[in-house]
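**Q** The sequence and its predicted three-dimensional model are supplied below.
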Amino acid sequence: MRLLFVCTGNICRSPTAEAVMRAKLKAAGLDGRVEVDSCGTTGWHVGEPPSGPALEVAGVRGYDLSDQRARQIAADDFERFDRIFAMDRGHHGHLLALCPDGRFNRLRLFREASARQGESLDVPDPYGLGIAAYETAFEMIERGCEAILEEVRAELDGEPAPGAGDTHP
């Protein structure tokens, strides 16, 4: 199984989700069965490491993002990845516009499985804001990755995947 996390520039939210998901998969003994990556909808930061505040907040919580480098979504990502998680509705719309027919079922909003009743499905962009915004995003990402981990575990155990079917939204 292959999972892809997508935000705008691939220097805050999506690399954080990638690192958190990798750690959760490793702790669950599933790291050898699931590939994880991240990218951005834009090429603004291609080749750059995650932002300083993202590195700082992740580091305090025991996650290392330092080896990651930003990349932009590529056409073959829609073929390579089984699940593509948009960090907010803007990214989701961008991905829908790029997605080839027959692959729409791979696209999801990151917080679909973890948002509490009445909460937004978006992980707000902390870029350019203070540490508190990064901490808030990080908490949402941790909860989201835990929910995704449960779905992945169920699917690997042979239960049907959520949202099976390929319909255009």
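**A** Thanks, I have the structure now.
**Q** what about residue 3, helix or strand, and which?
**A** strand 2-7 (DSSP states H and E).
**Q** For the next helix or strand after that strand, give the mean pLDDT please.
**A** Scanning forward in sequence from strand 2-7 by DSSP H and E, the next helix or strand is helix 13-27. When pLDDT is averaged along helix 13-27, the result is 96.
**Q** residue ranges with poor pLDDT in the protein?
**A** Across the chain, the ranges flagged by pLDDT under 70 are 159-169.
**Q** Now do the helices in this structure.
**A** Applying DSSP state H to the chain gives helices spanning 13-27, 52-60, 77-80, 89-98, 131-156.
**Q** What's the local residue count around residue 72?
**A** When neighbours are counted by other C-beta atoms under 10 Å, residue 72 registers 16. Heads up, the C-betas are built off the backbone N, CA and C, glycines and all.
**Q** And it, how close does it get to residue 112?
**A** Distance of residue 72 to residue 112, computed by C-beta to C-beta, to the nearest Å: 24 Å.
**Q** Go ahead and measure how far the strand holding residue 3 is from the middle of the chain.
**A** Here strand 2-7 is found 4 Å from its chain centre; the criterion is C-alpha atoms, centre = their mean, to the nearest Å.
**Q** tell me the angle that strand makes with helix 131-156.
**A** Here strand 2-7 runs at an angle of 160 degrees relative to helix 131-156 (axes from the mean of the first three to the mean of the last three C-alpha atoms, to 10 degrees).
**Q** helices or strands up against strand 2-7?
**A** helix 13-27, strand 35-40, helix 77-80, strand 83-86, helix 89-98 (3 or more C-beta pairs under 8 Å, 6 or more residues apart in numbering; DSSP states H and E).
**Q** Can you check which of these gets nearest to residue 156?
**A** Distance to residue 156, taken as C-beta to C-beta, is lowest for helix 13-27 among those, at 10.4 Å.
**Q** Let's see that closest one as CSV, backbone CA atoms only.
**A** C-alpha atoms of helix 13-27 as CSV (Å, rounded to 0.1, in the frame of the first residue of the first chain):
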residue,chain,number,x,y,z
ARG,A,13,1.8,20.1,6.7
SER,A,14,2.5,17.3,4.2
PRO,A,15,6.1,16.5,5.3
THR,A,16,4.9,16.5,8.9
ALA,A,17,2.2,14.0,8.0
GLU,A,18,4.7,11.9,6.2
ALA,A,19,7.0,11.8,9.2
VAL,A,20,4.2,11.1,11.7
MET,A,21,2.7,8.4,9.5
ARG,A,22,6.1,6.7,9.1
ALA,A,23,6.6,6.6,12.8
LYS,A,24,3.1,5.3,13.5
LEU,A,25,3.5,2.6,10.9
LYS,A,26,6.9,1.6,12.3
ALA,A,27,5.5,1.4,15.9
